[in-house]
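Chemist: let's see this in three dimensions:
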Amino acid sequence: MVTLRQLTFGSYGHTLNRRQAISPDGDWAIYDTRNDDTHIARTDRIEMVHIDTGNIRLVYQTPLQSEFGPGVGAAAFHPCEHKVIFIHGLSNCSPDHPYSAARRFGAIVDCDIPGRLIHAESRRSCANPNEAFSDSVSRGGTHAHSWNQRGWISCTYNDAHSEQLAKLNPQHRDARTIGCMMPSVRPTADLSANDSENFAGAFDFFIAANVVQHAQSGTDQIESAVEECWLGSKPAIAFQGAIRDQLGNLHQEIFVSDIALTDGASPCFSQRRITYTLDRKFPGLQGPRCWLAASPDGQFIYFLARDERGTIQLFRVDSNGSAEIEQITDLACSIEGQITLDPMGQRCSFLCDQKITIVDIPSGQVVFQSERSTCALSGAVHFASHGRLLCNGNVDCNSDSYLQILCCQCPL
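Modeler: The predicted model follows:
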């Protein structure tokens, strides 16, 4: 049985993002220093570790960090370039205006120029909650950023005014939705040159999913859009949308936004539903929090759901919505976390029974498992170069425990 080795040892957290945590050359892992998934507000550093040597480099550290913000987290490598994007709270966070879902942005740093931060999106704080979005500008917070091969960025988005209205009116839902960013021709600016609430960015931002306050039962209307992924290099994003069945119960189904580019105008999108699972014994996508994953050519979307026994398994569906969903695995134990496809789209990694597990997608068979970990494993299992696999584990150190990065060698 293949054993796990500890790659990091510092007395602080080493949280790998759920996707794109490995550098394009496969030799570095990027992470933030959270020791708890909910502690982005108080986290001040993005670091990376060399998988062979264990050498650690500081990529970025926040100025004037406090328990209220600004905070950083969830760093993701560009698929082709040695730069990362991560969540960054607004620099004016305070006890009266702390870090929140609507008070953050995407921050980009070139790993060869550590500390030099560029805003991804432009942001403008609107005084009037009914004021329409300005073209290409955010008025809220972006989160869970992900690159595609074109260098575009997807993210989830929380609107600042919707957040405020939800605090004032219990009937108003602060609905999360999906955003998209594309490189802008406008000049970029670094953090120090801008107002804390209003700043220029390197990318144009726009909303990429239609979300309503209260979805009509039995329709394709959705109340939130979350956990998205790019469909390969296609200008299309798959995401989980919360629909209501005929009885008014919420279920997560898969939707796709197809993005169209027009000369001289903002991009537009059309939204379509891909899965219809309400007739299943366990309807909707189910299991631990898990971002969708797509095959490299964008044909298939992979997700988690329960089989007829109630066990969480790996499924896929054609992104054209032209076929029934297909169950890939038939595991005795439920999948425990994020799924990751290898670069060829032939294998999928995840945690199962506290073991790093790899499944061959065409056959659905388990082709690799590590030893069962003595510490609690969490998050995604990442494919690195030379057959190495990385994930997080909660390791005891004296009277405390810290999220460390663990590694094993896959002989396949």
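
Chemist: quick one: the helices in the protein, in order.
Modeler: Assigned by DSSP state H, the chain shows helices spanning 160-168.

Chemist: measure the residue positioned nearest the centre of it to residue 53 for me?
Modeler: In the chain, the residue lying closest to the centroid (Cα atoms, centre = their mean) is residue 144, at 3.8 Å. Separation of residue 144 from residue 53 (Cβ to Cβ, to the nearest Å) stands at 30 Å. Glycine gets a C-beta too; all of them are placed from N, C-alpha and C.

Chemist: returning to what we had before: quick one: contacts for the residue nearest to the centre of the chain?
Modeler: 18, 74, 87, 155-156, 227, 291 (Cβ atoms under 8 Å, 6 or more residues apart in numbering).

Chemist: any idea which of the residues you listed is the one closest to residue 235?
Modeler: Nearest to residue 235 among these: residue 155, at 15.6 Å, using Cβ to Cβ.

Chemist: I figured that closest one hits residue 203, correct?
Modeler: No - Residue 155 is beyond contact range of residue 203, at 10.2 Å (criterion: Cβ atoms under 8 Å).

Chemist: give me the common contacts of the two.
Modeler: In contact with both residue 155 and residue 203: 106, 181, using Cβ under 8 Å, 6+ apart.

Chemist: pLDDT weak spots in the stretch 251-400 of the chain?
Modeler: 264-265 (pLDDT under 70).

Chemist: in it, which spans are strands?
Modeler: 268-273, 293-294, 300-306, 312-318, 326-327, 340-341, 347-352, 355-360, 365-369, 376-383, 388-397, 400-409 (DSSP state E, counting those that start in this stretch).

Chemist: for the last one, buried residues please.
Modeler: To tie it back to what came earlier, the one meant is strand 400-409. Under the neighbour-count criterion of 16 or more other Cβ atoms under 10 Å, strand 400-409 has 402-408 buried.

Chemist: centre of the chain versus stretch 358-366, how much separation?
Modeler: Centroid displacement of stretch 358-366 relative to its chain, using Cα atoms, centre = their mean, to the nearest Å, is 24 Å.

Chemist: pull the CA atoms of that stretch into PDB?
Modeler: The C-alpha coordinates for stretch 358-366 follow below in PDB (Å, rounded to 0.1, in the frame of the first residue of the first chain):
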ATOM      1  CA  ILE A 358      -8.000   7.200  -8.500                       C
ATOM      2  CA  VAL A 359     -10.700   5.800 -10.800                       C
ATOM      3  CA  ASP A 360     -10.300   4.900 -14.500                       C
ATOM      4  CA  ILE A 361     -13.200   6.800 -16.100                       C
ATOM      5  CA  PRO A 362     -13.800   4.500 -19.100                       C
ATOM      6  CA  SER A 363     -14.100   1.400 -16.900                       C
ATOM      7  CA  GLY A 364     -15.200   3.000 -13.600                       C
ATOM      8  CA  GLN A 365     -12.700   0.900 -11.700                       C
ATOM      9  CA  VAL A 366     -10.500   2.000  -8.900                       C
END
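
Chemist: which positions in that stretch come out as buried?
Modeler: By neighbour count with 16+ other Cβ under 10 Å, stretch 358-366 contains the buried residues 358-359, 361, 364.

Chemist: out of those, which is nearest to residue 60?
Modeler: residue 358 (32.2 Å).

Chemist: how near is the closest one to residue 287?
Modeler: Taken as Cβ to Cβ, the span from residue 358 to residue 287 is 18 Å.

Chemist: stretch 199-216: end-to-end distance?
Modeler: Stretch 199-216 has an end-to-end distance of 37 Å (Cα to Cα, to the nearest Å).

Chemist: now do it, average pLDDT.
Modeler: Confidence over stretch 199-216 (mean pLDDT, whole number) is 93.

Chemist: again, but for stretch 140-149
Modeler: In the prediction, stretch 140-149 has an average pLDDT of 96.

Chemist: over to stretch 64-74?
Modeler: The average pLDDT within stretch 64-74 is 97.

Chemist: give the buried residues for it.
Modeler: Buried residues in stretch 64-74 (16+ other Cβ under 10 Å): 65-66, 68-74.

Chemist: from those residues, which land in strands?
Modeler: Taking DSSP state E as the definition of strands, those contribute 72-74.
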